[in-house]
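Novice: give me the fold of what follows.
(one chain, ligands or ions: 2)
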Amino acid sequence: MPLPARVQTLVIGTLRGSLAAVATAAAVSMTGSMTGRSAQSPPTDAQLAALSTRTVALGATTSRRVEHVPVEVYVARVLSGEGEPNAPEATQHALAVAIRTYTVFNTGRHARQGFDLCDAVHCQVPRAAARDSARSAAVATAGQILTYRGAPAEIFYSASCGGRSEVAEAVWPGTSHPYLRARKDDVHDEDMPWMLEMSLAELQGHMERSGFSGTLTNVQIKGRTKSDRVSVLELSGMRPGRITSYQFRAAIGTTVLRSTAFSVKKKDERLQFTGRGYGHGVGMCVIGAGRRARRGESMSEILSAYYPGLKIERLAP
Ligand SMILES: [Zn+2]
Ligand SMILES: [Zn+2]
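Specialist: Ligands and ions are numbered 1, 2, ... in the order given. Below you'll find the model as predicted:
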């Protein structure tokens with residue numbers, strides 16, 4: 001989708017003053033339009049709708065109902081689901097920009113089904129109603145998106161990278177962007193590793209439901225990505241004998257095996273997984289964005305750390 005010519009270009013990390021000025025201008029103009037309301041009152045859906053430059057056709061995966069949601073209302077609803085309610089303002093603003101960017105880039109992703117984005121983890125999961133801090137973050141960043149070479153950027157974000165972000169291509173082959181490389185995220189040093197223990201029989205059951213057959217005797221890591229996440233595993237005793245880490249995680253359950261950044265040990269008839277992070281780890285890490293804001297980083301510093309080289313631009317009305 002081409003950007004309108006009338007955009008205000010703000011380079012992340014170098015024009016922070018201007019960006020803050022834009023955010024303040026948006027907040028001020030909102031306050032001005034809130035007749036009879038105090039400046040502290042959280043924005044209403046009507047006020048978010050007034051700031052929206054487009055509408056998102058949101059498809060419900062269960063009912064197939066399509067809801068037409070003004071983009072800023074949608075951003076606030078997704079932020080309410082993805083972000084921590086008490087996260088610092090800079091985190092909420094960075095997430096709002098990332099969510100809006102994802103939304104604009106992926107508009108029409110479900111065009112064949114008659115809508116833009118679905119309401120499941122395949123796209124983004126919105127809450128039925130936005131919380132107040134998310135509404136305020138949508139207002140403060142209204143219209144701002146990340147761009148690459150003058151167009152909305154293809155970006156991703158996940159819950160926690162665990163200390164090192166993942167290259168986009170490792171998760172979605174063919175998706176190669178210079179701003180989505182594996183990088184150290186220095187806010188995870190205190191993270192405790194997660195542990196998961198599972199019997200060979202239980203894991204074999206998961207594999208059978210994913211089309212594998214045979215008797216599982218061991219699981220070994222056979223390849224790692226540039227960020228040291230697991231790429232391929234060997235399933236001794238099963239056919240096929242190999243599985244990608246993404247299929248493996250999906251087969252076990254993405255909330256059970258929290259990420260592909262793990263090691264595995266066999267002890268008797270049980271497997272012990274020890275790992276870091278939660279989610280695919282590509283792009284911004286929500287936990288890390290929170291910690292960066294707490295140590296004083298601004299919205300643009302956070303975005304610039306996770307998406308180096310992208311610009312923040314404003315969609316024209
Ligand atoms: Zn979807
Ligand atoms: Zn991180």
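
Novice: right, and residue 277 touches residue 261 too?
Specialist: Yes: applying C-beta atoms under 8 Å, one finds residue 277 in contact with residue 261, separated by 5.1 Å. In this view, the C-beta of every residue, glycine as well, is placed from N, C-alpha and C.

Novice: any shared contact partners between those two?
Specialist: residue 162 (C-beta atoms under 8 Å, 6 or more residues apart in numbering).

Novice: more neighbours, those two?
Specialist: More crowded of residue 277 and residue 261, by other C-beta atoms under 10 Å: residue 277, with 30 against 26.

Novice: next up, the contacts around the more buried one.
Specialist: Residues in contact with residue 277 (C-beta under 8 Å, 6+ apart) are 158-163, 188, 191, 258-259, 261, 285.

Novice: backbone dihedrals for the closest residue to it other than its chain neighbours, please?
Specialist: Residue nearest to residue 277 in three dimensions, not counting chain neighbours: residue 162, with 2.5 Å by C-beta to C-beta, 6 or more residues apart in numbering. Residue 162 adopts backbone torsions of phi 80, psi 0, taken as degrees, to the nearest 10.

Novice: cool, residue 165 as well?
Specialist: For residue 165, the backbone dihedrals (degrees, to the nearest 10) come out as phi -80, psi 160.

Novice: next, count neighbours for it.
Specialist: Around residue 165 there are 26 other residues, counting by other C-beta under 10 Å.

Novice: got it, and residue 178?
Specialist: Here the number of neighbours of residue 178 (other C-beta under 10 Å) works out to 9.

Novice: near ligand 1, which residues of this structure show up?
Specialist: 118, 122-123 (C-beta under 5 Å from the ion).

Novice: pLDDT check: weakest of these?
Specialist: pLDDT across the residues of the chain next to ligand 1 is lowest for residue 122, at 90.

Novice: that residue belongs to a strand, doesn't it?
Specialist: No: assessed by DSSP: H, G, I helix; E, B strand; the rest coil, residue 122 does not belong to a strand; its assignment is coil.

Novice: in a strand, residue 187, correct?
Specialist: No: applying three-state DSSP, one finds residue 187 to be coil, outside a strand.

Novice: brilliant, that's me finished.
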